[in-house]
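Visitor: what's the 3D shape of this:
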Amino acid sequence: MKRVLIVAYYFPPIGGIGSIRMARFAEYLPRYGWEPTVLAPRDTPHPQDPNLRVTEDAVIRSRSLEVSRLGRVVPSGSSEPASGSAPRTQRVHAALRRHGARLLAYPDGQIGWYPDAVRKGARALADGTFDAIYSSSNPMTAHLVARTLHRRSDVPWVAEFRDPWGHRLGGDHPFHRHAERLERRLATQADRVIVPTPTMASHLTVRWDREVDLVMNGHDLGEPAPAAAPEHPTLTHVGTYYPHDQNLRAVWEALRRQRQAGNAAVPRLRFVGVLPPELQRELESFGLDDLVEVTGFLPLEDAVQAMRSSSLLLASGFAGADPLAHGVIPAKVFEYLASGLPILYVGSPQDDTWRLLSSEPGSHLIEPDDVDKAAAAIHAALEGKSYPRDTASHSRNARTAVLARILDEASGRVGGRS
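Guide: Sure, this is the predicted structure:
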């Protein structure tokens, strides 16, 4: 077998899609001739998923000095005497914490992982023979670690950009000009570059003036398992919702009209994750807040169970002039497809998600202002049909085969760059 050093900040026991993606690649790569060793942090402040179990035998844990913990070091000022100056002191200390963290958290809040990750990674490369280094961002710090290890060892480096970030820093950020240059340098210095969506691949091929490979997200659900229908019709949204960039108001309006018409079976709304305050207020404005169920963060198995005990699954595209906004496929969409349940996607026909779902049975695609189609989709979903789909082609096992081929080519310097 060939050997690959995977540099991944997000890795179990940390929960979330980035961690799941890396864990599954590490699990499946041996099927395709690659033995992985994972360089990951220990003791991070992120939510953990106890169901994401990995053997630690091939995991190198390194210390991470988390910028997010700065607030524990800088005093809050709450011990000031009640002399009238305490509120001002508190504001000054709060500003120090906020701006200090912003300056120190560049390129991201995980930069404190870099020193020990490089030290442990260099030791691993010196102690064994590796054929490739594979890093995944965000955080961008993972690429900084991998680039240093690549330079010191000359082992070919494959860099994966799950969510390009350089051009999105606000104009008031002290490093906003430097960020995009840094990202471009990382992309051009790697032997191969991977992204997860077609639009991202085509756009960044031009921006970075180099070949960019596509390895999409996937699922591990196998064939749809029978699930009990919910006692009450339920529309479920899994994962993070961004009120300023996403828009499901056509769905809220369709439900509001159903309620006004006296429909006793108005579906409930389940959010698997955290409900942002802006979205809470939005639902209140439509008179739907009493229909809302919020689970909070759930381990993967529980999230899948909540998804499968639904009538209809919700997803939405991203607004904005940024061309990469069309190149977002929420990772949950692949679990949605594997569930066999109907899907309602609100977005643009130019979105990669729209294009993906357009050929999949049981997918309802509407634009943000189309309330009538939203109502029709909800009505159709309540018929309780299940939709057979090609789950194998969207599996993480299939995606790992693509990744292994790219590693094969990179390790032979085929089509790569030194």
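Visitor: from the middle of its chain, how far away would the top strand by length along the chain be?
Guide: Identified as the longest strand of the chain according to DSSP state E is strand 34-42. Centroid displacement of strand 34-42 relative to its chain, using CA atoms, centre = their mean, to the nearest Å, is 19 Å.
Visitor: List the neighbouring strands of it plus their orientation.
Guide: strand 2-7 (parallel), strand 59-63 (parallel) (DSSP bridges).
Visitor: Which pLDDT value goes with A142?
Guide: The pLDDT attached to A142 in the predicted structure is 97.
Visitor: After the host helix or strand of it, heading C-terminal, what element do we hit next?
Guide: Element membership for A142, per DSSP states H and E: helix 141-153. Sequence order places strand 157-161 as the next helix or strand after helix 141-153, per DSSP H and E.
Visitor: So which elements touch that following strand?
Guide: Packing contacts for strand 157-161, counted by 3 or more CB pairs under 8 Å, 6 or more residues apart in numbering; DSSP states H and E, involve strand 132-137, helix 141-153, helix 176-189, strand 192-195, helix 396-411. The way it works is simple: take the backbone N, C-alpha and C, and place the C-beta from them, glycine included.
Visitor: re the thing from before, for the strands paired with strand 34-42, which one ends up most surrounded?
Guide: strand 2-7 (a mean of 24; mean count of other CB atoms under 10 Å).
Visitor: Pull that strand out as CSV, backbone CA atoms only.
Guide: Presented in CSV, the C-alpha positions along strand 2-7 are these (Å, rounded to 0.1, in the frame of the first residue of the first chain):
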residue,chain,number,x,y,z
LYS,A,2,1.0,3.6,-0.5
ARG,A,3,0.8,5.9,2.5
VAL,A,4,-0.8,9.3,2.9
LEU,A,5,-0.6,11.8,5.7
ILE,A,6,-4.0,13.5,6.1
VAL,A,7,-3.8,16.9,7.7
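Visitor: could you check the angle helix 396-411 makes with it?
Guide: Angle, strand 2-7 to helix 396-411, by axes from the mean of the first three to the mean of the last three CA atoms, to 10 degrees: 100 degrees.
Visitor: so which of the helices and strands packed on strand 157-161 comes closest to M216?
Guide: helix 396-411 (6.1 Å; CB to CB).
Visitor: in that closest one, what's buried?
Guide: The neighbour-count check on helix 396-411 (16 or more other CB atoms under 10 Å) flags R396, R399, T400, V402, L403, A404, I406, L407, D408, E409, A410, S411 as buried.
Visitor: Model confidence at the first one, what's the number?
Guide: Per-residue confidence for R396 comes out at a pLDDT of 95.
Visitor: so how far is F25 from it?
Guide: 8 Å (CB to CB, to the nearest Å).
Visitor: go on, the third one?
Guide: Distance, T400 to F25, using CB to CB: 6 Å.
Visitor: For S19, grab the count of nearby residues.
Guide: Using other CB atoms under 10 Å, S19 has 23 other residues around it.
Visitor: ok, now E231?
Guide: Neighbours around E231, by other CB under 10 Å: 8.
Visitor: In this structure P361 contacts P388, no?
Guide: Yes - shown here, P361 and P388 form a contact pair, counting by CB atoms under 8 Å, at 7.3 Å.
Visitor: So for the two, which sits in the more crowded spot?
Guide: Counted by other CB under 10 Å, P361 and P388 do not tie: P361 has more neighbours, with 14 against 10.
Visitor: Quick check, pLDDT for the more buried one.
Guide: Value for P361, per-residue pLDDT: 95.
Visitor: roughly how far apart are the closest residue to it other than its chain neighbours and V333?
Guide: Spatially, and ignoring its direct neighbours in sequence, P361 is nearest to Y387 (4.4 Å; CB to CB, 6 or more residues apart in numbering). Computed as CB to CB, the Y387 to V333 distance reads 14 Å.
Visitor: what's the answer for H46, then?
Guide: On the measure of CB to CB, H46 and V333 end up 23 Å apart.
Visitor: From the neighbour counts alone, determine which of those two ranks first.
Guide: Remark: of H46 and V333, V333 carries more neighbours, 25 against 15, as counted by other CB under 10 Å.
Visitor: Going by secondary structure, the more buried one is in what exactly?
Guide: Secondary structure (DSSP H and E) places V333 in helix 332-339.
Visitor: Next, the angle helix 396-411 makes with that helix.
Guide: 130 degrees.
Visitor: what is the rounded mean pLDDT of helix 332-339?
Guide: Averaged across helix 332-339, pLDDT comes to 93.
Visitor: which strands and helices sit next to it?
Guide: So helix 332-339, by 3+ CB pairs under 8 Å, 6+ apart, packs with strand 234-238, helix 300-308, strand 312-316, strand 343-346, helix 352-357.
Visitor: what about dumping the CA coordinates of it to CSV?
Guide: Extracted in CSV, the C-alpha atoms of helix 332-339 (Å, rounded to 0.1, in the frame of the first residue of the first chain):
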residue,chain,number,x,y,z
LYS,A,332,-27.0,17.2,3.9
VAL,A,333,-28.4,17.0,0.3
PHE,A,334,-26.7,13.7,-0.2
GLU,A,335,-28.3,12.2,2.9
TYR,A,336,-31.6,13.7,1.7
LEU,A,337,-31.2,11.8,-1.6
ALA,A,338,-30.3,8.6,0.2
SER,A,339,-33.4,8.8,2.5
